[in-house]
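Colleague: Structure, please.
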Amino acid sequence: MYQRVLFYILLSLNISSYSQEVSIAFTKSMAPYLITPKESGIEYEIVAETLKSQGISLATYKNLHYKRAVKLLAKKQIDIVVSNRDNNLYFQKQVKIYSSDVTLNYVDCAISLKKRNLSYDKMEDYSDKTVWAFKSAKEVLGREFKRAVSSNRNYTENYDQNLMVNMLAKERVDIVISDKNIFLNLLEKSLGPGKSGLFTYKKIIPITPRNIKTHNAELKETFNRGLKQIKENGVYEKILKKYKNQYDSKC
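Modeller: Alright, predicted model coming up:
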């Protein structure tokens, strides 16, 4: 009898501890992953529904530079950061940072104008071309890519991916490195629909897994349970279907 009462007390404490709000930061995320100010997007909805399944709501969310997000997380001024799974910056801090299971994948591609018929099947092909990449690409696309572009004076990283479509279309750069889905979203806004066939999309690395980082080990475990739950009950698949015309899982 005592054990049963204790079980229900512990259960009620566990439930109440997760009936809370969390603050969350995305890291310079763009459509279709984060759509502002609508508070939607495929990644936003996966994270929000995962938390919701465990009785947790998003009190606030911000879209920050990832170094700023790391600092806020390390200072425990924010509860969760949505980020690439592999990012050593999180683990260089004094505070223990916990990583969740993978939420979804970004699809980073090397993109060029099809009419130019450029050859860039090998990493060394990036060493002598004009390349515009998203910020921190050199750090997250692997050692071979970093080695190839380190001596390339025509390699640039930029936070503002809004410019890359026109830069490529006007042949001011040879290649842009971008998540395919972000690029296609920007392409439609910039040049209109039906233009994706003007470009060649090549896989530069395997897909880039995403997850959340938190300073709270209990929150990480709760998030993992919620993620498993929405995958089992169909909510996760429903989100994927909602964005099926905006999310391609491969280059």
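Colleague: gap between residue 251 and residue 234?
Modeller: 28 Å (C-beta to C-beta, to the nearest Å). For every residue, glycine as well, the C-beta is placed using N, CA and C.
Colleague: more neighbours, the two?
Modeller: Between residue 251 and residue 234, residue 251 has the larger neighbour count (other C-beta atoms under 10 Å), namely 17 against 10.
Colleague: which ones are touching that one?
Modeller: Counting by C-beta atoms under 8 Å, 6 or more residues apart in numbering, residue 251 makes contact with 107, 109, 180, 201, 202, 203, 204.
Colleague: can we see that at 10 Å?
Modeller: 107-111, 179-180, 200-205, 207 (C-beta atoms under 10 Å, 6 or more residues apart in numbering).
Colleague: Please flag which of those residues sit within strands.
Modeller: 108, 109, 110, 111, 179, 200, 201, 202, 203 (DSSP state E).
Colleague: And those residues, which is closest to residue 136?
Modeller: Each of the ones in strands among the contacts of residue 251 was checked against residue 136 using C-beta to C-beta; the closest is residue 108, at 11.3 Å.
Colleague: Any idea what residue 211 is bridged to?
Modeller: Legend: beta-bridge partners of residue 211 under DSSP bridges are residue 83.
Colleague: What distance do you get for residue 241 to residue 42?
Modeller: Counting by C-beta to C-beta, the gap from residue 241 to residue 42 is 11 Å.
Colleague: check contacts around residue 118.
Modeller: Shown in contact with residue 118 (C-beta under 10 Å, 6+ apart): 110, 112, 125, 129, 174, 175, 200, 202.
Colleague: which of these are buried?
Modeller: Taking 16 or more other C-beta atoms under 10 Å as the criterion, what is buried in the contacts of residue 118 is 110, 112, 125, 129, 174, 175, 200.
Colleague: how about JSON lines for those, with pLDDT added?
Modeller: Listed next are those as JSON lines, based on pLDDT from 0 to 100:
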{"residue": "110", "pLDDT": "97"}
{"residue": "112", "pLDDT": "98"}
{"residue": "125", "pLDDT": "95"}
{"residue": "129", "pLDDT": "96"}
{"residue": "174", "pLDDT": "98"}
{"residue": "175", "pLDDT": "98"}
{"residue": "200", "pLDDT": "97"}
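Colleague: Can you give the distance of the helix or strand hosting residue 48 from its chain's centre?
Modeller: Taking DSSP states H and E as the definition, residue 48 sits inside helix 42-52. When C-alpha coordinates are averaged (C-alpha atoms, centre = their mean, to the nearest Å), helix 42-52 and its chain have centres 13 Å apart.
Colleague: Next secondary structure after it?
Modeller: Next along the chain after helix 42-52, taking DSSP H and E as the criterion, comes strand 56-64.
Colleague: and the angle for that following strand with helix 42-52?
Modeller: What separates the directions of strand 56-64 and helix 42-52 is an angle of 150 degrees, with axes from the mean of the first three to the mean of the last three C-alpha atoms, to 10 degrees.
Colleague: List the contacts of strand 56-64.
Modeller: Strand 56-64 is contacted from outside by 18-30, 34, 36, 39, 44, 47-48, 50-52, 68-72, 78-82, 219, 222-223, 226, using C-beta under 10 Å, 6+ apart.
Colleague: Out of those, which end up buried?
Modeller: Buried subset of these (neighbour count, 16+ other C-beta under 10 Å): 18, 22-30, 34, 44, 47-48, 50-51, 69-70, 72, 78-82, 219, 222-223, 226.
Colleague: Can you flag which of those residues belong to strands?
Modeller: Using DSSP E, the buried ones among the contacts of strand 56-64 in strands are 22, 23, 24, 25, 26, 27, 80, 81, 82.
Colleague: Low-confidence bits of the stretch 51-200 of the chain, can you list those?
Modeller: Within the stretch 51-200 of the chain, the stretches with pLDDT under 70 are 87-93.
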